[in-house]
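1. Attaching a predicted model along with its sequence, questions to come.
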Amino acid sequence: MTKKTPEKTPNEQEVNDVNDEQDQTSVLPIDPGDYFDQNDNFDFDESIVIDSVAMMSLEINSANDGHTIGESGRYFVHEGSLCQIYRLDDPEKRYGGETGSVAMKVINDQFPDEKDISRLENEYNVLRYLANRDAAGGALNQTLRNGAAAIYLDWLDGNTLKEWIRSFHSVRASSWTMNSDNDGRKKILSVVKNTTWSLLDIHDAGVVHNNIRADHIIIKTDEKCSIKFISFGSASFLPRSDKNSNTDKRKDLISLGFIFYEIISGKSSLHTDHRQPLFLTSDYSSGSEEVSSVEEGQHDATQLYVSHIEVLSDLASRIPISFMKMIMALIESKMTARRYQSVNEVYQDLDHPNTFLNNSEIRPYIGKIKFPHDKLFGRNDHLSSIMNVCQRMNSARPSEMILVSGHSGTGKSTLVNHVGKILVKMGVNFTSGKFDQLQQAKPLSTIIDAFDGYFSEVMQSGQDVINKTKTSLLKALGSGVGVLTRIIPRLCAVMGISATDPVQIGFNDAQNRLKYLFESMISAIATPSQPLVLFLDDLQWADISSLQLIKSTLTNSENKCFLCIGSYRENEISNDHPFAEFLSDIITRKIPITKIELGNIDRTNVNALVSDVICTPELETKPLTDIVYRKTGGNILFVIQFLQSLHSEGLLLFSLDSECWKWDSAEIETKTIPNDVIRLLVGKITTLPLHMQYILKLLSCIGSVCAESTLRLLINDIDHDCTDESKKASDKESDFFSSLKVAIDEGLVNKEGSSYHFTHDQVQSVAYSLIPRDERDLLHLQIGSVILKNMPNHERGNIFFVAMNQLNRGKSVMDDDMKEWVAELNLKAGREAISLSAFRNSASFFEAGISLLGSSCWDKNYKLSLQLHNFYAEVEFCNGHFDEVNRVTKIIIEQAKSFSDKTRAYLTFIKTLGAQRNLNNAAEVALAALGDLGEPIQHSDMGSLLRTVHVFAKMKDSQFLALKEMDDDMKRAAMKLLLVLAQFGFQIKSNHFPFALNRMLELTLIYGVCEESCAALAIISFVTCGIHGDWNGSSRTGEIALLLLERLQANEYACIVTSLVNIAKSWTEPLGLIVKQLFFSYKIGMQTGAIHDAMISACGYCYNSFFSGVDLLTLEKDIRRFRVQMSEYKQITSLHQLTPLAQTVLNLIGHSENPIELT
């Protein structure tokens, strides 16, 4: 059979070795003249061989294109692993070509093995045999020169089909269908038909190609789209007596089906894996058949076509079902019993397209297994219990909590998210966050993500909602809203402001400030008209900072209409687990808790699930359900993965002939099934191609969720042995995301918006466990480095914590220089975590930095070591880990080179002793440190102090404000130590108190003012008025303290200064004014986290309110609220001071059960 095609014209064309994905484009310094000349005898007897090389479309149209080698008119086109390809200008057609150019293929190796050379000879012989066929180019001649074989071929006109497919789909949407694009449909049908005709031409000549691929087909880029096949190195001849047999043609027919798949879908039909052979199974025949290498010359590598399930999934949404049945029959899918016996049968069908295109609908979901993400099975009672609690939230009730527990795979998340959809329809604000096992170093990230999502919804709800939310937040938070804008990015958009750095205050104060502001935010946005429900998933992985923040919110009686729903795996919570402590605390505080325990579902509900998955009546699915239930025990995750496994292995398949699902119960029964979902997932993942396994492992290292933008960074920047380095970035991305699509079809990964996430934590856990430890650490290090490299310079938030978490996990594969660099980054990360008041997380960063520097850190990295140790000790003090503080501060004091370097450690150590009520020891250490500073330790009494106070009282404002700011670091350190000594001295009633204050005033007069000067003056104002009755001196000292506070903007001391000064003023000024000032001081203290000072203000406010004659019912509510806060923040001294007044007010309004007993 022959057919005439238009006259060929000289054109460009690229010739490609079959292993095109590993080819190099570099030019070797060789001259083709070394391998042949025009006088050579082209006949040679050796039946020696090489691999064929595919022709591709490098457009080389002139002498200025390509790489010129040797004499003029010879151009280097391509180099594969075995051959080099040249284009030779031949205008006089001396080599026998018809186009004015010829292609020359030369073996690279001068000592090739027999297989290599015999392949080249085979290609030459087959093409000579097909000389009169238009389906292939001509072979012109062959030569042997200096031991290297070469052949001449016709230079063909056109592009590879692979390139044509890429070009065709590049200008069409990913949702392209044949029914929506008439021109595209005509073009597709023309290419499909012409490809079939050319293959029919080859088969009719008695030749089987055996290596059909899209880059082994040349398409002429004109309206006719004529097709020629190339790369005949693996071709074979049909026996003359059996030319009509289908046996030898079967591989070509299957390959033709996959070529159709590529043309229509735009995706490669081949999965490449360079580390282990992959085999075709019963999809192709009743027995197993190894795929012959399509990468001829790469004898240790094989390729496997994509699964028939993937073919169905990709084609169902693009082409009519009748056309799809044709392709599935070609690739010999079990989904249809039909089989093509020859290419002629295919061509006959294609020659009458109306039979499979007209009146044939596209059915995108046919044959797909679809797991219901929005349905519940066997959970109606649990759903009712949750909804009953939710419906109470609009009655201004105090906060409540629902805890949903159960083993992995019981559907906890699905249940609560289903509730969330119902609540949103009811007008309830529902927001959620999920804790991640690999991201516990990211402080508060889950809560931040949840409320970022909430404020994102606010921004999409219209200007009225935005304005209402903004007003409520400003009223509740005041200037403190700026602190939260830095933590919750979307809050900036709602408030219409930029994120601002909060006022720098002490660590404990910062932690208290965040709690207060977060609680106030909840109170502002959770209202009876719009209650707030917060769902926190996987609490067994919650960081301690998040648990503490949620606990403080739940225990705040001021918060109404707020419900927190948490889910956790009860079998992963031990008695010493942080969540166990959290649960014990909220139970002790009598927070209403509703507990819901989920187990496996029963057989009836498993049948309902199976029926829903395969869209088959429940009566018909009962036999399958019996097996599924017996194998899985009704664990929902196990059921889903088991069904997916049966589908992937062809034991549960969709029949395109009868258009229904079928399964072989006997075969499923005999199949060995793992007895738990973990082993099933291990088996499933390890049988995937290695490049797909790598993708899942990469995802698992990042966490349960990964943004697509992050993945795109990692694809091209992380080297791994499953990726061809010669590939373009766009090709790598395409292959990567195509494989992710397969993982989605396999039920392992989901995509929501622009993020990918594992369908279940267990999938992530299994994928992660399959990575060898050394490879895992290297992968973490690479991921962290890539994220850090691509992170914007201004970004120091969630992304930075993600990068640091990855880097720290790669410690074992770092060299010394990298360890030092990462230690410096840990210092930055720890300080950033401090700004979020996440002291447990910050401690882990500082500790990681110290461990990276090693035992000789003080000699090699003194400055960095000093900073890391100081910060570590300070945050551990905030965490209450006093033994660790004592250990670390001892190291600092021993290793520090100067006393100024020891000051921070001394202060931290002294505060630790004070927190443990070792006040005398704390005072002694402070005195010793002052002695080391050179401060004279003298005896002082209140008389000495009062004399110094009189000096200040006589100063005019202008004189005092003229004092310079203290610039002596040693004296500044002394002022800090003296203030601590004064506080402890006052509590133990020792002479240290007047000595410390007297010396602070002296230092202020001599060396200048500093922040601690404000606190000293305020304390003196309070003491001289209330204890010694010096009202004039007290008033003047207080005025000076307030002037200095404003001058220095000493925010850390703002609350205590204003509080003590106004309490002192209550002896001389109207109480109504004092009450307002004290309430203002209280608000400042709460907003800056100075809880101890705020509670002093609260006490002063209540007592002065009582004496000013305010309404007692109003005062009783205020006292009750303050006492709850004092109890919550463990301010026992203030609580004891306020209790007598509380009892007095209760007695006066008649609300006391026992008037003579304090309650």
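-> Ah, there it is. As the structure is a prediction and not an experimental result, all values here were calculated from the model.

2. Residue 108 and residue 82, how far apart?
-> Separation of residue 108 from residue 82 (C-beta to C-beta, to the nearest Å): 6 Å. To be clear about C-beta, it is placed using only N, CA and C from the backbone, and glycine gets the same treatment.

3. Pick out whichever of these two has more residues nearby.
-> residue 82 (26 against 17; other C-beta atoms under 10 Å).

4. where in the stretch 151-300 of the chain is pLDDT low?
-> 241-247, 271-300 (pLDDT under 70).

5. Run through the residues that contact the spatially most central residue of the chain.
-> With distances taken as C-alpha atoms, centre = their mean, the chain has residue 706 as the residue nearest its mean C-alpha position (3.2 Å). The contact partners of residue 706, taken as C-beta atoms under 8 Å, 6 or more residues apart in numbering, are 699, 755, 756, 757.

6. now do residue 561
-> 393, 394, 396, 397, 526, 527, 528, 530, 531, 532.

7. Repeat that for residue 515.
-> 548, 549, 552, 837, 1089.

8. part of a helix, is it?
-> Yes. According to DSSP: H, G, I helix; E, B strand; the rest coil, residue 515 belongs to a helix.

9. Any figure for the gap between it and residue 80?
-> Residue 515 is 66 Å from residue 80, by C-beta to C-beta.

10. Surely residue 879 and residue 838 touch.
-> No. Checked against C-beta atoms under 8 Å, the pair residue 879 and residue 838 is beyond contact range at 10.5 Å.

11. Of the two, give the one with the bigger neighbour count.
-> Legend: neighbour count by other C-beta under 10 Å for residue 879 and residue 838, higher for residue 838 (30 against 18).

12. out of all of them, which helix in the chain is the longest?
-> helix 182-204 (DSSP state H).

13. Against which helices or strands is that helix packed?
-> In terms of contacts (3 or more C-beta pairs under 8 Å, 6 or more residues apart in numbering; DSSP states H and E), helix 182-204 is packed against helix 161-170, strand 217-219, strand 227-229, helix 250-265, helix 343-350.

14. which residues are in contact with the first one?
-> Contact with helix 161-170 is made by 56-57, 159, 176, 184, 187-188, 191, 195, 213-215, 217-219, 221, 227, 259, 262-263, 266, as judged by C-beta under 8 Å, 6+ apart.

15. now that helix: how far from the chain's centre is it?
-> Mean-position distance between helix 161-170 and its chain equals 33 Å (C-alpha atoms, centre = their mean, to the nearest Å).

16. between it and helix 182-204, how many degrees?
-> Interaxial angle, helix 161-170 versus helix 182-204 (axes from the mean of the first three to the mean of the last three C-alpha atoms, to 10 degrees): 170 degrees.

17. can you check the last one too?
-> Here helix 343-350 runs at 160 degrees with respect to helix 182-204, directions being taken by the same axes, to 10 degrees.

18. got the contact list for residue 1020?
-> Per C-beta under 8 Å, 6+ apart, neighbours of residue 1020: 945, 949, 997, 1001, 1034, 1037.

19. if I look at the nearest residue to it once chain neighbours are set aside, how far off is residue 978?
-> Excluding its sequence neighbours, the residue lying closest to residue 1020 (C-beta to C-beta, 6 or more residues apart in numbering) is residue 1037, at 5.2 Å. Per C-beta to C-beta, residue 1037 is found 17 Å from residue 978.

20. same thing with residue 598?
-> From residue 598 across to residue 978, the span is 60 Å (C-beta to C-beta).

21. Flag the shaky bits of the stretch 701-850 of the chain, pLDDT-wise.
-> Using pLDDT under 70, the stretch 701-850 of the chain drops low at 719-732, 734, 793-797.

22. the helices in it, which residues?
-> 708-717, 729-745, 761-769, 773-790, 798-809, 816-835, 839-853 (DSSP state H, counting those that start in this stretch).

23. quick one, the last one and helix 798-809 angle?
-> With the same axes, to 10 degrees as the basis, helix 839-853 and helix 798-809 are set at 40 degrees to each other.

24. what's helix 839-853 in contact with?
-> With C-beta under 8 Å, 6+ apart as the criterion, helix 839-853 contacts 441-443, 507, 511, 543-545, 801, 804, 808, 811, 814, 819-820, 822-827, 829-831, 833-834, 857, 860-861, 864-865, 868-869, 871-872, 875-876, 878-879, 881.

25. pull the CA atoms of that helix into PDB?
-> Only the C-alpha atoms of helix 839-853 are listed here, as PDB (Å, rounded to 0.1, in the frame of the first residue of the first chain):
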ATOM      1  CA  PHE A 839       8.200  31.300  74.500                       C
ATOM      2  CA  ARG A 840       8.200  27.500  74.300                       C
ATOM      3  CA  ASN A 841       8.900  27.800  70.500                       C
ATOM      4  CA  SER A 842      11.500  30.500  71.000                       C
ATOM      5  CA  ALA A 843      13.300  28.300  73.600                       C
ATOM      6  CA  SER A 844      13.400  25.500  71.000                       C
ATOM      7  CA  PHE A 845      15.100  27.800  68.500                       C
ATOM      8  CA  PHE A 846      17.700  29.100  70.900                       C
ATOM      9  CA  GLU A 847      18.400  25.600  72.200                       C
ATOM     10  CA  ALA A 848      18.800  24.400  68.600                       C
ATOM     11  CA  GLY A 849      21.300  27.200  67.900                       C
ATOM     12  CA  ILE A 850      23.300  26.300  71.000                       C
ATOM     13  CA  SER A 851      23.400  22.600  70.000                       C
ATOM     14  CA  LEU A 852      24.600  23.500  66.500                       C
ATOM     15  CA  LEU A 853      27.600  25.400  67.800                       C
END
